[in-house]
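Chemist: I'd like to go over a predicted model; first the sequence, then the structure.
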Amino acid sequence: DGGITQSPKYLFRKEGQNVTLSCEQNLNHDAMYWYRQDPGQGLRLIYYSQIVNDFQKGDIAEGYSVSREKKESFPLTVTSAQKNPTAFYLCASSIVTSAYNEQFFGPGTRLTVL
Amino acid sequence: RKEVEQDPGPFNVPEGATVAFNCTYSNSASQSFFWYRQDCRKEPKLLMSVYSSGNEDGRFTAQLNRASQYISLLIRDSKLSDSATYLCVVAQYSGAGSYQLTFGKGTKLSVIP
(Lines give C-alpha, C1' and ligand atoms only; values in the text may rest on other atoms or scores of the structure.)
Protein backbone atom coordinates (compact mmCIF):
# COMPACT_ATOMS: atom_id res chain seq x y z
CA ASP A 1 0.00 0.00 0.00
CA GLY A 2 1.29 3.45 -0.90
CA GLY A 3 1.21 6.11 1.75
CA ILE A 4 2.98 8.22 4.32
CA THR A 5 4.20 6.89 7.63
CA GLN A 6 5.21 8.88 10.66
CA SER A 7 6.84 7.56 13.76
CA PRO A 8 6.44 7.46 16.61
CA LYS A 9 2.73 8.13 17.13
CA TYR A 10 3.33 9.56 20.60
CA LEU A 11 6.58 11.08 21.85
CA PHE A 12 7.49 12.43 25.26
CA ARG A 13 10.64 14.42 25.86
CA LYS A 14 12.13 16.50 28.59
CA GLU A 15 12.48 20.22 28.13
CA GLY A 16 15.80 21.17 26.54
CA GLN A 17 16.22 17.96 24.54
CA ASN A 18 16.30 17.84 20.77
CA VAL A 19 13.97 15.28 19.17
CA THR A 20 13.65 14.01 15.59
CA LEU A 21 10.32 13.04 14.04
CA SER A 22 10.35 10.58 11.18
CA CYS A 23 8.38 10.90 7.93
CA GLU A 24 8.59 8.40 5.07
CA GLN A 25 6.54 8.20 1.86
CA ASN A 26 6.41 5.61 -0.92
CA LEU A 27 4.16 7.62 -3.22
CA ASN A 28 7.09 8.80 -5.35
CA HIS A 29 6.14 12.40 -4.57
CA ASP A 30 8.69 15.15 -5.07
CA ALA A 31 7.25 17.60 -2.53
CA MET A 32 7.06 17.08 1.22
CA TYR A 33 5.84 19.29 4.04
CA TRP A 34 5.81 19.58 7.82
CA TYR A 35 2.91 21.19 9.64
CA ARG A 36 2.14 21.83 13.26
CA GLN A 37 -1.40 21.78 14.69
CA ASP A 38 -2.31 23.18 18.10
CA PRO A 39 -5.75 22.71 19.74
CA GLY A 40 -8.34 24.93 18.09
CA GLN A 41 -5.82 26.16 15.55
CA GLY A 42 -5.33 25.68 11.86
CA LEU A 43 -2.34 23.80 10.49
CA ARG A 44 0.76 25.97 10.22
CA LEU A 45 3.60 25.25 7.81
CA ILE A 46 7.02 24.66 9.37
CA TYR A 47 9.20 23.61 6.40
CA TYR A 48 8.68 22.24 2.93
CA SER A 49 10.83 20.61 0.29
CA GLN A 50 10.20 20.67 -3.44
CA ILE A 51 12.97 18.25 -4.33
CA VAL A 52 15.80 16.21 -2.82
CA ASN A 53 18.55 18.27 -1.15
CA ASP A 54 16.39 21.39 -1.14
CA PHE A 55 14.02 22.82 1.46
CA GLN A 56 12.49 26.17 2.41
CA LYS A 57 11.23 27.71 5.62
CA GLY A 58 7.51 27.97 6.16
CA ASP A 59 5.67 30.37 8.42
CA ILE A 60 6.99 29.04 11.76
CA ALA A 61 10.46 27.57 11.09
CA GLU A 62 12.21 28.99 14.16
CA GLY A 63 13.40 26.23 16.48
CA TYR A 64 13.05 23.49 13.84
CA SER A 65 15.40 21.93 11.30
CA VAL A 66 14.92 19.45 8.44
CA SER A 67 16.89 17.47 5.89
CA ARG A 68 15.95 15.91 2.56
CA GLU A 69 18.71 13.49 1.62
CA LYS A 70 16.35 10.97 0.02
CA LYS A 71 13.14 11.46 -1.94
CA GLU A 72 11.27 9.18 0.44
CA SER A 73 12.32 10.77 3.72
CA PHE A 74 11.87 14.21 5.31
CA PRO A 75 12.76 14.09 9.04
CA LEU A 76 11.99 17.04 11.31
CA THR A 77 14.14 17.93 14.32
CA VAL A 78 12.53 19.93 17.09
CA THR A 79 15.37 21.72 18.83
CA SER A 80 15.63 23.13 22.33
CA ALA A 81 15.26 26.59 20.77
CA GLN A 82 11.59 25.92 20.02
CA LYS A 83 9.76 27.73 22.82
CA ASN A 84 6.54 25.73 22.86
CA PRO A 85 7.12 22.39 21.12
CA THR A 86 4.15 20.44 22.50
CA ALA A 87 1.83 19.95 19.51
CA PHE A 88 0.50 17.54 16.88
CA TYR A 89 3.00 17.31 13.99
CA LEU A 90 1.78 16.32 10.54
CA CYS A 91 3.90 15.40 7.55
CA ALA A 92 2.43 15.62 4.06
CA SER A 93 3.48 15.04 0.47
CA SER A 94 2.28 15.95 -3.01
CA ILE A 95 3.39 15.11 -6.54
CA VAL A 96 4.90 18.58 -6.87
CA THR A 97 4.28 21.92 -5.18
CA SER A 98 1.32 23.04 -7.21
CA ALA A 99 -1.79 25.03 -6.49
CA TYR A 100 -3.90 22.10 -7.65
CA ASN A 101 -2.26 18.94 -6.32
CA GLU A 102 -3.74 17.21 -3.31
CA GLN A 103 -1.53 16.97 -0.25
CA PHE A 104 -1.59 13.56 1.42
CA PHE A 105 -1.00 13.49 5.15
CA GLY A 106 0.63 10.99 7.44
CA PRO A 107 -1.08 9.93 10.70
CA GLY A 108 0.87 12.47 12.74
CA THR A 109 3.10 12.46 15.81
CA ARG A 110 1.90 13.90 19.11
CA LEU A 111 4.88 15.45 20.87
CA THR A 112 4.64 16.32 24.54
CA VAL A 113 7.50 18.13 26.23
CA LEU A 114 7.50 17.67 29.97
CA ARG B 1 -1.40 38.44 6.67
CA LYS B 2 -2.93 35.72 4.55
CA GLU B 3 -5.88 34.34 6.51
CA VAL B 4 -8.69 31.89 6.13
CA GLU B 5 -11.62 32.38 8.48
CA GLN B 6 -14.24 29.83 9.44
CA ASP B 7 -17.05 29.64 11.99
CA PRO B 8 -15.60 27.23 14.59
CA GLY B 9 -18.97 25.78 15.53
CA PRO B 10 -19.72 23.26 16.83
CA PHE B 11 -22.65 22.58 14.59
CA ASN B 12 -24.91 19.97 16.21
CA VAL B 13 -27.48 18.69 13.72
CA PRO B 14 -29.86 15.71 13.59
CA GLU B 15 -29.42 12.93 11.08
CA GLY B 16 -30.91 13.84 7.73
CA ALA B 17 -30.43 17.57 8.19
CA THR B 18 -28.80 19.91 5.70
CA VAL B 19 -25.89 21.93 7.03
CA ALA B 20 -23.81 24.68 5.43
CA PHE B 21 -20.31 25.84 6.29
CA ASN B 22 -18.87 29.17 5.24
CA CYS B 23 -15.32 30.36 4.81
CA THR B 24 -13.70 33.65 3.81
CA TYR B 25 -10.15 34.28 2.66
CA SER B 26 -8.15 37.49 2.68
CA ASN B 27 -5.71 37.03 -0.22
CA SER B 28 -7.42 37.93 -3.48
CA ALA B 29 -4.55 36.31 -5.42
CA SER B 30 -5.39 32.85 -4.02
CA GLN B 31 -5.17 30.22 -6.74
CA SER B 32 -7.22 27.24 -5.65
CA PHE B 33 -9.53 26.11 -2.91
CA PHE B 34 -10.32 22.91 -1.06
CA TRP B 35 -12.31 21.38 1.73
CA TYR B 36 -10.48 18.83 3.87
CA ARG B 37 -12.05 16.64 6.52
CA GLN B 38 -10.30 15.83 9.79
CA ASP B 39 -11.62 13.20 12.17
CA CYS B 40 -10.84 13.54 15.87
CA ARG B 41 -7.11 13.07 16.51
CA LYS B 42 -6.50 11.98 12.92
CA GLU B 43 -4.86 13.51 9.88
CA PRO B 44 -6.74 15.74 7.40
CA LYS B 45 -7.97 14.15 4.18
CA LEU B 46 -9.13 15.88 1.02
CA LEU B 47 -12.92 15.99 0.77
CA MET B 48 -13.21 17.97 -2.44
CA SER B 49 -11.70 20.74 -4.49
CA VAL B 50 -13.78 23.86 -5.06
CA TYR B 51 -14.25 25.26 -8.55
CA SER B 52 -15.57 28.64 -9.65
CA SER B 53 -18.53 27.01 -11.34
CA GLY B 54 -19.42 25.10 -8.20
CA ASN B 55 -19.15 21.36 -7.91
CA GLU B 56 -21.04 18.50 -6.37
CA ASP B 57 -19.98 15.08 -5.11
CA GLY B 58 -22.93 13.06 -3.91
CA ARG B 59 -24.40 14.78 -0.85
CA PHE B 60 -21.67 17.43 -0.83
CA THR B 61 -21.77 20.69 -2.79
CA ALA B 62 -19.00 23.29 -2.80
CA GLN B 63 -19.28 26.84 -4.07
CA LEU B 64 -16.71 29.57 -4.67
CA ASN B 65 -17.37 33.30 -5.02
CA ARG B 66 -14.09 34.97 -5.99
CA ALA B 67 -15.57 38.47 -5.96
CA SER B 68 -16.63 38.10 -2.33
CA GLN B 69 -13.66 35.84 -1.43
CA TYR B 70 -16.08 33.34 -0.01
CA ILE B 71 -16.24 29.54 -0.08
CA SER B 72 -19.06 27.30 1.10
CA LEU B 73 -19.73 23.63 1.70
CA LEU B 74 -23.24 22.20 1.83
CA ILE B 75 -23.92 18.74 3.22
CA ARG B 76 -27.36 17.26 2.52
CA ASP B 77 -28.99 14.35 4.32
CA SER B 78 -26.36 14.33 7.09
CA LYS B 79 -25.10 10.93 8.28
CA LEU B 80 -23.58 10.05 11.64
CA SER B 81 -20.36 9.33 9.76
CA ASP B 82 -20.19 12.98 8.63
CA SER B 83 -19.24 14.00 12.18
CA ALA B 84 -15.79 15.56 11.88
CA THR B 85 -14.03 18.89 11.59
CA TYR B 86 -14.16 20.48 8.14
CA LEU B 87 -11.14 22.55 7.12
CA CYS B 88 -11.29 25.30 4.53
CA VAL B 89 -7.99 25.42 2.65
CA VAL B 90 -6.61 27.96 0.18
CA ALA B 91 -3.55 27.64 -2.05
CA GLN B 92 -1.41 30.70 -2.65
CA TYR B 93 1.76 31.29 -4.63
CA SER B 94 4.70 31.66 -2.26
CA GLY B 95 7.52 32.39 -4.69
CA ALA B 96 10.29 30.31 -6.31
CA GLY B 97 7.74 28.26 -8.21
CA SER B 98 6.06 26.91 -5.11
CA TYR B 99 2.61 27.12 -3.57
CA GLN B 100 1.57 26.97 0.05
CA LEU B 101 -1.69 25.91 1.61
CA THR B 102 -3.28 28.11 4.25
CA PHE B 103 -5.69 26.25 6.53
CA GLY B 104 -8.68 27.60 8.40
CA LYS B 105 -9.12 26.55 12.00
CA GLY B 106 -11.95 24.25 11.01
CA THR B 107 -15.66 23.91 11.71
CA LYS B 108 -16.69 21.01 13.92
CA LEU B 109 -19.80 19.07 12.93
CA SER B 110 -21.61 16.62 15.19
CA VAL B 111 -24.49 14.67 13.63
CA ILE B 112 -26.85 13.43 16.32
CA PRO B 113 -29.02 10.28 16.04
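Modeler: Yep, it's here.
Chemist: How much space separates the residue nearest the centre of chain A from chain B?
Modeler: Closest residue to the average C-alpha location of chain A: A:Trp34 at 2.8 Å, with Cα atoms, centre = their mean. According to Cβ to the nearest Cβ, to the nearest Å, A:Trp34 and chain B sit 12 Å apart. For glycine as for every other residue, the C-beta is placed from the backbone atoms N, C-alpha and C.
Chemist: I'd guessed that residue sits against A:Val66; true?
Modeler: Yes. The pair A:Trp34 / A:Val66 is scored as a contact, 6.6 Å apart, by Cβ atoms under 8 Å.
Chemist: For the residue nearest to the centre of chain A, which residues count as its bridge partners?
Modeler: Beta bridges link A:Trp34 to A:Tyr47, A:Cys91, judged by DSSP bridges.
Chemist: who touches it in this structure?
Modeler: A:23, A:45-48, A:58, A:64, A:66, A:74, A:76, A:89-92 (Cβ atoms under 8 Å, 6 or more residues apart in numbering or on different chains).
Chemist: 7 Å - rerun?
Modeler: Neighbouring residues of A:Trp34 by Cβ atoms under 7 Å, 6 or more residues apart in numbering or on different chains: A:Ile46, A:Tyr47, A:Val66, A:Leu76, A:Tyr89, A:Cys91.
Chemist: Kindly report the residues of chain A close to chain B.
Modeler: A:40-43, A:45, A:50, A:90, A:97-100, A:102-103, A:105-108 (Cβ under 7 Å from any Cβ of the partner chain).
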